[in-house]
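In: Pasting the sequence and the predicted model now:
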Amino acid sequence: MREDDQFEKFADGRADALLRFGYVLSGDPHDAADLVQEALARLRASWHRVQRKDDPERYVRTTMTRLHLRQWRLRSRERPTAEPPDRGTPPVYDETSDLGDALAALPRRQRAVIVLRYYTGLTDEEIAATLGVSRGTVRSQAFRALARLRGQLKSDGFRRV
Amino acid sequence: MRDDFEQRLESGLRLLADRAPTAPPDLMARVRARRPRRWWKALAAFVTTGALVGTGVIVTSPGGGPAPRPDIEKASHSVPLLMPDGRRYDVVAMIDRGHALIRTGERDRTDGLWSLDLATGRPKRLVAVSTPKGSVINFWSAAVGEGQLVWWTSRKVKGKMTTTFFAAPVTGGRQRVVAEAPGSPLDHTIADGKVIWSPGGTGGVYEVPLSGGVPRLVKGTEGMHMLQWPWVGTPPFRQKKPAIVNGEILNALTGERRTTSGWSAPAQCSVTWCMSRDRVGLRDGTRVRAVPQMFLADPPALDRFVLPRTPGRGLIDLATGRTIDLAAEDNPVLDYRMKALTYVKGGRLVIVDLAAVPGVNP
C-alpha cells in the first residue's frame, strides 16, 4: 500500500475518535475540528518518519495538545481584550453540562492534564512527554485541577455542587 | 489507585465526548488544502533539485512546459488581500465575469456575504449573514444561479446532523430559509428553480424548490453523489479498496450512462476526463499523457482544470493540454466548487475566473 493510501486509511478510520478527543480537550466543536485538521496535515507531512518510528495516533494527539496550548498563548498575547473564548456551551442542558462548565473554568494546561490522564488514559510519564514538562509538574497540575473539580462537582463527577 | 470521583470523571469525559461533531465527509480534502508551510518548502526543494517524486518516475508537464501567461491574463484579477476595514475575507464563488462572491467572519462563522468588484477591488455587502445557534458547520460553500445565492449550515438536532439551506438575492437582500434536510451536503447547486445537493455518507441526490418546500430524492440517484449536475457517480471517500471513482456515471435527467476503458484503480474521473496519480486522459483511454503527481480527491474544476500536488507546477488545462505558469508567491488554492483559483502575488490576491480562460473543451 502506498504511503498516501496508508495515511488516508489511518485518517479516515481515526477522524471521529480524534474529533472526540479534540472536543474534550478544547470544549469547542470548532476548535476540535481545527485541531484535527491541522494535526492531520502535519502528520501527512511527516507520515513516513512517524510511521517508521512512532505511533501515528499518539503523534496526532500530542500535536493537537501542543497546538491547543500554544494557540491559547498566541491568542491571549495577540488579542488581550478580544471577546471571551467560546466555552462550548451546549445548545441544551444535559448530564455533562456541569462537567463541561467545570472543565472550562480550568486553566488550559490543567485541563489538558485531566483529559490526557482520565480520557486518553496516559500515565503521568507519558503526559509529561506529551506536554514537554516534568513528571512533577504533571502531578502538581493534576492535583490542582482535581481539587478545583472536586470543589465544583458532586461526588458523582457530573453535577454542580 | 483511583477513587470514586476519578472513576466517575472518566465516565463523564467519555459522555462529554459524545457532544463532539462527526468528521466532515471530505475531511481529507480539507487536510490536503491545509498543507503546512514546512511541507510546501520541502516539496519546493524537491522541485528545484530535480529529485524524483513518488513512484520513482521523473515528472513531466504536459505540453513540454508552462504556457505563456496570456492564456489566463484576461481571466486574472488582482485585488487587495484585505477588506477596506482590514478584515480578512475568503473567495467563495464567481457571481459574473466582473464580480466574485466573498465572505467575512471568524473562521467559518460567517457574518457577511459580499460582492467584490474585480475591476476596482471594492466590496459591496449583499447579505448580513446570521447562523443558527449550535451550528457545527457554519459555512462550507455557496452556489450562485438564477439570481440567487444559496449556502447552508449544519447542526445536531436530537443527535442527528441537520442542514439548513439559506438563500438571498444575488443583488443583495435578507437571507431566508429555503429548507431543512438530514445530513450535510458535499456540494450543492442551483438548477431549474431548485437547490440540488448530495448529502455525505448515504448519498442520493435531493432537490427542493428555491421558493421552499420538502426535499425529495431525485429518482434513480440512490447511493450516488453529485459529480457535476446532472451527472452523478460514486463518492471519492471511504472506499474500502482502490477504485475508479466516478468510473461509471449517470445523467440523472436523461438516463445516459458513461463508463471507462483502459483505466485501472486507483483513479478518479470527471464527466470527460480520468486521472490516475501520474496520468490524465479521456474516459476511453485515449489522449493519455504523463503529468506531475495529482490530488485524487477533487474532480477537475469546470471539468477542465487541475492543480498538481507539487507546488510551483502551474495549473493544468486539460482542454488545451497546456500547463499555465502562475508565478504564485504562495500555495495556489483551487476549489472545484467555486470555479476560481486564488493565489498571492505582489502582496495582492489574484483571482482567476476559470470560466473566462480561453480554450475549447473537446
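Out: Received the coordinates, thanks.
In: A:Ala147: which element?
Out: helix A:135-152 (DSSP states H and E).
In: Can you list the buried residues in that helix?
Out: A:Thr137, A:Val138, A:Gln141, A:Ala142, A:Ala145, A:Leu146, A:Arg148, A:Leu149, A:Arg150, A:Gln152 (16 or more other Cβ atoms under 10 Å in any protein chain shown). C-beta here means a position set from N, CA and C on the backbone, and glycine is covered the same way.
In: cool, and stretch B:168-187?
Out: Per 16+ other Cβ under 10 Å, stretch B:168-187 contains these buried residues: B:Ala168, B:Val170, B:Gln175, B:Val178, B:Ala179, B:Glu180, B:Ala181, B:Gly183, B:Ser184, B:Pro185, B:Leu186, B:Asp187.
In: Kindly report the same for stretch B:100-118.
Out: B:100-105, B:108, B:110-116, B:118.
In: Looking at those, which are in strands?
Out: B:100-105, B:110-116 (DSSP state E).
In: could I get those as TSV with distance to chain A and pLDDT?
Out: What follows is these, written out as TSV (distance: Cβ to the nearest Cβ, whole Å; pLDDT from 0 to 100):
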residue	distance to chain A	pLDDT
B:Ala100	25	96
B:Leu101	23	95
B:Ile102	21	94
B:Arg103	16	92
B:Thr104	16	91
B:Gly105	12	86
B:Thr110	12	88
B:Asp111	13	92
B:Gly112	18	95
B:Leu113	20	96
B:Trp114	22	97
B:Ser115	27	97
B:Leu116	25	97
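In: Tell me which two of those residues sit farthest apart.
Out: B:Ala100 and B:Asp111 (17.8 Å; Cβ to Cβ).
In: What mean pLDDT does the helix holding A:Ala147 get?
Out: In this model, helix A:135-152 has a mean pLDDT of 90.
In: what does stretch B:202-218 give?
Out: On average, stretch B:202-218 scores 93.
In: Ends of it, what's the gap?
Out: 14 Å (Cα to Cα, to the nearest Å).
In: For that stretch, buried residues please.
Out: B:Gly203, B:Gly204, B:Val205, B:Tyr206, B:Glu207, B:Val208, B:Leu210, B:Pro215, B:Val218.
In: how far out from the middle of the chain is it?
Out: Distance, stretch centre to chain centre, for stretch B:202-218: 21 Å (Cα atoms, centre = their mean, to the nearest Å).
In: same thing with stretch A:22-35?
Out: 8 Å.
In: That stretch near chain B anywhere?
Out: Yes. Stretch A:22-35 is in contact with chain B by Cβ under 8 Å from any Cβ of the partner chain, via A:Gly22, A:Tyr23, A:Val24, A:Pro29, A:His30, A:Ala32, A:Ala33, A:Asp34.
In: which one of these has the most neighbours?
Out: A:Gly22 (31 neighbours; other Cβ atoms under 10 Å in any protein chain shown).
In: which ones are touching B:Val195?
Out: B:Val195 sits next to B:Ala143, B:Val150, B:Phe165, B:Ala167, B:Val178, B:Ala179, B:His188, B:Thr189, B:Glu207, B:Val208, B:Pro209, B:Leu210 when contact means Cβ atoms under 8 Å, 6 or more residues apart in numbering or on different chains.
In: Tabulate those in CSV, adding columns for distance to chain A.
Out: Output for the contacts of B:Val195, formatted as CSV (distance: Cβ to the nearest Cβ, whole Å):
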residue, distance to chain A
B:Ala143, 23
B:Val150, 23
B:Phe165, 20
B:Ala167, 24
B:Val178, 22
B:Ala179, 21
B:His188, 20
B:Thr189, 25
B:Glu207, 28
B:Val208, 25
B:Pro209, 29
B:Leu210, 28
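In: Kind regards, and thank you for your time.
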